[in-house]
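S.K.: got a sequence here, can you model it:
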Amino acid sequence: MWSRKSALIGLLVLFCLHTTFFTSAIASSQESLLGSARVVFQTNFGEIEFGFFPSVAPKTVDHIFKLVRLGCYNTNHFFRVDKGFVAQVADVVGGRLAPMNEEQRQEAEKTVVGEFSDVKHVRGILSMGRYEDPNSAESSFSMLLGDAPHLDRQYAIFGKVTKGDETLRKLEELPTRREGIFVMPTERITILSSYYYDTEMENCEHERSILKRRLTASAIEIERQRMKCFP
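M.R.: Residues are numbered from 1 along each chain as shown. Now for the predicted structure:
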C-alpha cells in the first residue's frame, strides 16, 4: 500500500517538475521574440504594458503599433473578460468614446492578413480577434488569461504582456454577465490613455546619463589638477 502511494507521489512530483520546466521553456522562448518597443494601456483598474513579436507577425505588429501611435485605443475598452481565458479589447471603430479623425478611421478599418505561427497561446500572450475569414483581423485583440491550445495556429499572436499581470487579475475578479458566447464585465473597463517607448532608447538614455556624470567628474578633476600644478 505504501509503495503504491509512494509511486503515485513520485509520479505527481515528476509531472509537476515537467510542467514547470515546460512552462519556463515557453516563457524563455517568448522573451527572445520580443522587440524593443513597449506600449502601456492606462486603464481605470491599473496599467498593462506589452511588447511585440515583430519576427512572428510583422504586418500585425506594424498595424497595431500604428493604431497606438495615432491614439486610437484611447477611450476604448475591454468588452470581454472571461476568467482564465481572455480579456479582449474592442474594435476601436465601435469601442471608443471619443470621435475619430480621418487618419485614425482609415487605419482602424484596415484588415490584416492572418499571420498564424507556432507560438503557443499561454497566459499573457496577445492574439488578434477576427471573424470567420482568417484575414479579417482589424483592431480588436485578446490578452490571454490562461493557456488556450485550441487557439494555436487559428489566431495571430503578435506580442505578450510584459508588466501588469496584477491588473489583469483585478479584471478577472470583476462581476460579469453572459451574452451569447461572450462573458462581459458589468462595469466598463476603459483604456483612459496609452503611451509607448523603446527599451533600447531607455537604456541609451541611462548610459548617456552615466557618461555625462563621468565627464563632469573628469572635468572637475582636470580643473583641480590644473589649479594645483598651474596656479
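S.K.: which residues in the chain form strands?
M.R.: Per DSSP state E, the chain carries strands over the ranges 37-43, 46-52, 77-82, 86-89, 125-128, 141-144, 157-163, 176-179, 182-185, 189-198.
S.K.: partners of the first one, with directions?
M.R.: Yep, that's strand 37-43 we're talking about. strand 46-52 (antiparallel), strand 189-198 (antiparallel) (DSSP bridges).
S.K.: can you list the low-confidence ranges for the chain?
M.R.: Scanning the chain with the threshold set as pLDDT under 70 gives 1-28, 202-213, 215-231.
S.K.: which residues does F50 contact?
M.R.: F50 makes contact with R38, V39, F41, L126, M143, G159, K160, V161, T162 under the criterion CB atoms under 8 Å, 6 or more residues apart in numbering. Glycine gets a C-beta too; all of them are placed from N, C-alpha and C.
S.K.: let's see 10 Å
M.R.: Applying CB atoms under 10 Å, 6 or more residues apart in numbering, we find F50 in contact with 34, 37-41, 64, 68, 124-126, 141, 143, 158-164.
S.K.: emit the ChimeraX select command for whichever of these are buried.
M.R.: Buried residues within those, by 16 or more other CB atoms under 10 Å, are selected in ChimeraX with:
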select :34,37,38,39,40,41,64,68,124,125,126,141,143,158,159,160,161,162,164
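S.K.: near D152, how many other residues are there?
M.R.: Residues lying near D152 (other CB atoms under 10 Å) number 17.
S.K.: now swap in A57 and tell me
M.R.: A57 has 28 nearby residues by other CB under 10 Å.
S.K.: still on that earlier bit, now render the strands of the chain as a markdown table, adding distance to Q104.
M.R.: Converted to a markdown table, these look like this (distance: least, CB to CB, whole Å):
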| stretch | distance to Q104 |
| --- | --- |
| strand 37-43 | 16 |
| strand 46-52 | 20 |
| strand 77-82 | 16 |
| strand 86-89 | 15 |
| strand 125-128 | 19 |
| strand 141-144 | 17 |
| strand 157-163 | 20 |
| strand 176-179 | 27 |
| strand 182-185 | 25 |
| strand 189-198 | 13 |
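S.K.: so where do the helices sit in the chain?
M.R.: Using DSSP state H, the helices of the chain run over 2-33, 58-69, 92-95, 102-108, 165-172, 199-229.
S.K.: now do the same contact list for G35.
M.R.: With CB under 10 Å, 6+ apart, G35 has these contacts: G51, F52, F53, P54, S55, V56, V61, F65, G159, D198, T199, E200.
S.K.: can I get those in a markdown table with distance to R153?
M.R.: Listed next are the contacts of G35 as a markdown table, based on distance: CB to CB, whole Å:
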| residue | distance to R153 |
| --- | --- |
| G51 | 22 |
| F52 | 19 |
| F53 | 15 |
| P54 | 19 |
| S55 | 17 |
| V56 | 12 |
| V61 | 18 |
| F65 | 23 |
| G159 | 17 |
| D198 | 30 |
| T199 | 29 |
| E200 | 31 |
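S.K.: ranking these by neighbours, who comes first?
M.R.: G159 (30 neighbours).
S.K.: beta partners for that one?
M.R.: Applying DSSP bridges to G159, the residues it is bridged with are F52, L126.
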